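> Would you be able to build a 3D model of this:
(one chain, ligands or ions: 1)
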Amino acid sequence: MESPMSASANPWLRAEQVSITYGAGDVVSDAQLTLTSGQVTALVGPNGSGKSTFLRGIARLQHMRTGAVTLRDGRDARALSAREFAREIAMLAQSRPTPVGITVRDAVEFGRHPHRSRWRGSDPDGGARIEHALELTRLTDRSNDMIDELSGGQLQRVWIASALAQHTDVLLLDEPTNHLDLRYQVEVLELIRELADDHGIAVGAVLHDLNQAAALADRVVVLSQGSVVADGPPTEALDGGLLTEVFEIDIVVERATSGVPHVDVPRQLLRRPAGSAGAVRPA
Ligand SMILES: Nc1ncnc2c1ncn2[C@@H]1O[C@H](COP(=O)(O)OP(=O)(O)OP(=O)(O)O)[C@@H](O)[C@H]1O
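Alright, predicted model coming up:
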């Protein structure tokens, strides 16, 4: 991980012409993604559009039928050993079993696996990296708690801490705010922004909430039926017409005074007129 000051202009990860199949046709088709130091890139799109599969393909958790993933120094990410790869790219997958009987610190320590020497298990930087990851995720005071006793939001922060302890330039997050209440969502989103801004990490995150994507991301990539149909700053990629087509529901995008687009669905879609058949009335 380098400081943002030393970041080169080259993307830290470039995935190109990625196609992934589960057997009956491609679910990701000729897709591309570029991740840059200090930038958050949000992947958005309807259920089943291929967001997770695309990210998992890049993270080598899914076989790619075609495609290339190139690191900043020109190395082919797919040619690296598992240990080398895990020193470059950390991935927080969507669903993880919660191990029983381990502490927060133990879970964060998992992230050090690619840095431990093979035979003796020594990891001179490990202690400091783990402390730093706990600090960034505000978990220092909980480090001795058992992880099966944490709330969903705290647990999510533990997994992010574990990915941070891995100390990579690139962080891939699949729905990092899933199952979190609003407060924890905001905390996790702020943390992601901080990782990019203060630590120069190149973040790629699948997000469902288009307004969160608009507020958080420097770039938004829109996937539809496995293909990238928009890739640009939120003001360009979050286009009302395009989103209406992709999500198959009327979507209006307004530009707030801050410049951040605000994505909305017309209210009449959500409420039945009072007195209409089947309207829900308060008891
Ligand atoms: N293990 C699997 N076996 C077969 N098909 C799969 C498998 N996982 C996903 N798919 C299919 O691949 C397509 C893309 O799924 P994927 O989970 O990548 O979409 P997504 O955009 O992340 O969806 P969501 O927003 O619902 O998480 C879907 O049609 C899905 O049914």
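> Spell out which residues of this protein are next to the ligand.
In this structure, the chain approaches the ligand at residues Y22, V27, G45, N47, G48, S49, G50, K51, S52, T53, judged by CB under 6 Å from any ligand atom. Backbone N, C-alpha and C define where each C-beta goes, glycine included.
> What lies in contact with whatever helix or strand V108 lives in?
Element membership for V108, per DSSP states H and E: helix 104-110. Outside of helix 104-110, the residues that reach it under the criterion CB atoms under 8 Å, 6 or more residues apart in numbering are 99, 126, 130, 133-134, 139, 142-145, 147, 150, 158-159, 161-162, 165.
> can you rerun that using 6 Å?
By CB atoms under 6 Å, 6 or more residues apart in numbering, the surrounding residues in contact with helix 104-110 are I130, A133, L139, R142, S143, D145, I147, V158, A161, S162, A165.
> Identify the residue nearest P233 in space, chain neighbours excluded?
With sequence-adjacent residues excluded and distances taken as CB to CB, 6 or more residues apart in numbering, P233 is closest to R219, at 6.2 Å.
> ok, back up a step: whichever of the contacts of helix 104-110 end up buried, select them in ChimeraX.
Restricted to buried positions by 16 or more other CB atoms under 10 Å, the ChimeraX selection for the contacts of helix 104-110 reads:
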select :130,133,139,142,143,147,158,161,162,165
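> tell me which of the contacts of helix 104-110 is nearest to D197?
Closest approach to D197 among those (CB to CB): A133, at 17.0 Å.
> Need the three-state assignment for the closest one.
helix (DSSP: H, G, I helix; E, B strand; the rest coil).
> dump the residue contacts of it.
Contacts here follow CB under 6 Å, 6+ apart; on that basis A133 touches V108, A161, L164, A165.
> Pull the number of nearby residues for the first one.
The one in question is V108. Number of residues near V108 (other CB atoms under 10 Å) recorded here: 28.
> how near is it to L55?
Counting by CB to CB, to the nearest Å, the gap between V108 and L55 amounts to 22 Å.
> does the nearest residue to H115 once chain neighbours are set aside count as helix, strand or coil?
Spatially, and ignoring its direct neighbours in sequence, H115 is nearest to D123 (5.2 Å; CB to CB, 6+ apart). Per three-state DSSP, the local secondary structure of D123 is coil.
> list the contacts for D123?
If you count contacts by CB under 6 Å, 6+ apart, D123 has them with R112, H115, R116.
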